[in-house]
Each structure stands twice: as C-alpha cells, then as structure tokens.
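[1] Sequence first, then the predicted structure:
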Amino acid sequence: AARGAPGAARRPQPLSVSPQVAAVALLLCFAVSRAPGACTALAAFEAAATALLLLLYLLRLDKALPWLCWPLADLCNSVVAALFLLVLCLFAIITRSNRGTLAGGVIGLILIVLCIVDAVLLFKMISFNRPRGSNTPAK
C-alpha cells in the first residue's frame with residue numbers, strides 16, 4: 001500500500017472512482033426524470049462530497065492537514081451516505097413515478113453497496129490500536 005495519512009493506508013483507486021461514477025449516474029437519473037427536489041438535491045450532495053474527497057486524495061491535500069484523520073472522515077462520509085441513500089432509494093423505488101426515478105433507485109442501491117464496501121475497507125485500514133506509522137492491517 002502507498003503511504004497515506006498517519007495511521008492509515010491510502011484508498012484503493014478503483015474503489016474511490018466507482019462511487020463517484022455511480023453518484024453522477026444517480027444524479028443524472030433523478031435530474032432527467034424530474035424526480036422530487038429532495039431526491040435530486042441529495043444525489044447532488046453525495047456526488048459533490050464524493051468528488052471533493054476524491055480530489056482531496058488525488059491532489060494529496062490530505063498531507064497538508066496531517067492532524068486530521070482523513071480516512072476517518074471518508075469513513076464517516078460513506079456511512080452517512082449509505083444511510084441517507086437507503087431512505088432515498090427506497091422512496092424512489094416505492095413511488096416509481098417514472099422509469100428514470102426507478103432507474104435512479106436501482107443505481108442508488110448499487111451506490112449503497114459501494115459505500116458499505118468502501119466503509120468496511122476504510123475501517124480495516126485505519127489503525128486504532130497500532131503505532132501511527134504502521135500501514136499494515138491487523139490480522
């Protein structure tokens with residue numbers, strides 16, 4: 001693993017891009033289908049939050065503020081996003097106002113799975129009881 005923030009390994013790149021792609025697809029489905037404003041707003045917020053965290057890691061801005069555990073912030077983003085998206089997607093699937101909203105709900109469920117996998121991987125990478133310089137996961 002590459003060197004990352006103190007106490008954690010850097011995020012795997014394929015997994016950091018796939019939630020962004022799913023979040024943008026979710027936003028497009030809700031925007032095109034003219035879903036209720038809350039659906040589109042939450043999808044836009046998730047796409048923006050995921051893009052900002054991805055940009056933070058790509059530009060290595062996490063090194064500028066080493067006192068903040070960025071993987072832990074990313075973990076919190078993944079957990080909160082999964083909870084909000086669960087409510088949003090269930091609402092979109094249950095109402096089925098049109099095919100775009102239904103497609104957005106299904107893409108949102110895929111995004112929930114990606115957020116949960118991302119959260120589990122991040123949780124395994126964060127060192128709670130190991131020395132801060134260690135990047136190897138506990139066995």
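    Yes, it's here. Numbers count the residues shown, from 1 in each chain.
[2] Near residue 58, how many other residues are there?
    Number of residues near residue 58 (other Cβ atoms under 10 Å) recorded here: 11. C-beta here means a position set from N, CA and C on the backbone, and glycine is covered the same way.
[3] who are the neighbours in contact with it?
    Not one residue lies near residue 58 by Cβ atoms under 8 Å, 6 or more residues apart in numbering.
[4] helix or strand right after the helix or strand residue 54 falls within?
    Element membership for residue 54 (DSSP states H and E) is helix 37-58. Next helix or strand after helix 37-58 toward the C-terminus (DSSP H and E): helix 70-95.
[5] Specify the local secondary structure of the closest residue to residue 110 other than its chain neighbours.
    With Cβ to Cβ, 6 or more residues apart in numbering as the criterion, residue 110 has its nearest non-adjacent residue at 5.7 Å, and that residue is residue 22. Judged by DSSP: H, G, I helix; E, B strand; the rest coil, the three-state class of residue 22 is helix.
[6] How about residues contacting the worst-scoring helix or strand of the chain on mean pLDDT?
    Least confident helix or strand, the chain: helix 13-32 with a mean of 75, by mean pLDDT, DSSP states H and E. Identification of contacts with helix 13-32 by Cβ under 8 Å, 6+ apart yields 35, 39-40, 43-44, 46-47, 50-51, 53-54, 57, 78, 92, 100-101, 103-104, 107-108, 110-111, 114-115, 117-118, 121.
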